[in-house]
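> just the structure for this:
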Amino acid sequence: MKLIVLDRDGVINEDSDAFVKSTDEWIPIPGSIEAIARLCKAGWTVAVATNQSGLARGLFDIQTLTDMHFKLQQLAMEQGGRVDLIVHCPHAAADGCDCRKPKPGMFRTIAEHFDLRDLRDVPVVGDSHRDLHAGMMLGCTPYLVRTGKGMRTLEGVLPPGTQVFRDLAAVTDHLLKASS
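Numbers count the residues shown, from 1 in each chain. Have a look, this model is predicted:
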């Protein structure tokens, strides 16, 4: 199985320091939906792991989150793609859960869902340190995008082996070229 794990806000859709709280605010980054479709057409399985503390903060409810993810799926299907699994952490940072990135709980859920022992060498694409670290704890290969908070993340020290790309479309170009 060729599996890839994507962060959502800042990788697939525009991020906001005020949180993405509605389907109207959920705006795809140009080229991201097409990138997901290209991955699917090339035989990749796409999973999304996303922190959604806006739920714990009361900024939106689970139905709104479901609607945002439905919009993502609809747009991907229109391009001939799909997202095979979406997992989210509904907790605030202070809740001390194991699923909120940079902890690896969502990545363990993804591994279990696909009946994988680990996620060794699985690409994880994120725009923040926490995205990359959570995946690396289970052996993922880190890819940082400059979209979302990516430029800010570049100011810090990146995890060893992190590859940096303009956006998800550029990561997809790289992965598809490498596997051809």
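> going by C-alpha atoms from here, please, whenever you check contacts or count neighbours.
Will do.
> looks to me like A94 is in a helix.
Yes. Under DSSP: H, G, I helix; E, B strand; the rest coil, A94 sits within a helix.
> please tell me how far it sits from R100.
Separation of A94 from R100 (CA to CA, to the nearest Å): 10 Å.
> neighbour-wise, which of these two wins?
Higher neighbour count among A94 and R100: R100, with 25 against 6, using other CA atoms under 10 Å.
> residues contacting that one?
51, 89, 91, 93, 106 (CA atoms under 8 Å, 6 or more residues apart in numbering).
> each with direction, which strands does the longest strand that the chain contains pair with?
When the chain is parsed with DSSP state E, its longest strand is strand 44-51. Applying DSSP bridges, strand 44-51 is found paired with strand 2-6 (parallel), strand 85-89 (parallel).
> looking at these, which is nearest to T172?
strand 2-6 (10.1 Å; CA to CA).
> roughly how far is the helix or strand just after the closest one from the heart of the chain?
Following strand 2-6 in sequence order, the next helix or strand is helix 32-41 (DSSP states H and E). Counting by CA atoms, centre = their mean, to the nearest Å, helix 32-41 is centred 13 Å from the centre of its parent chain.
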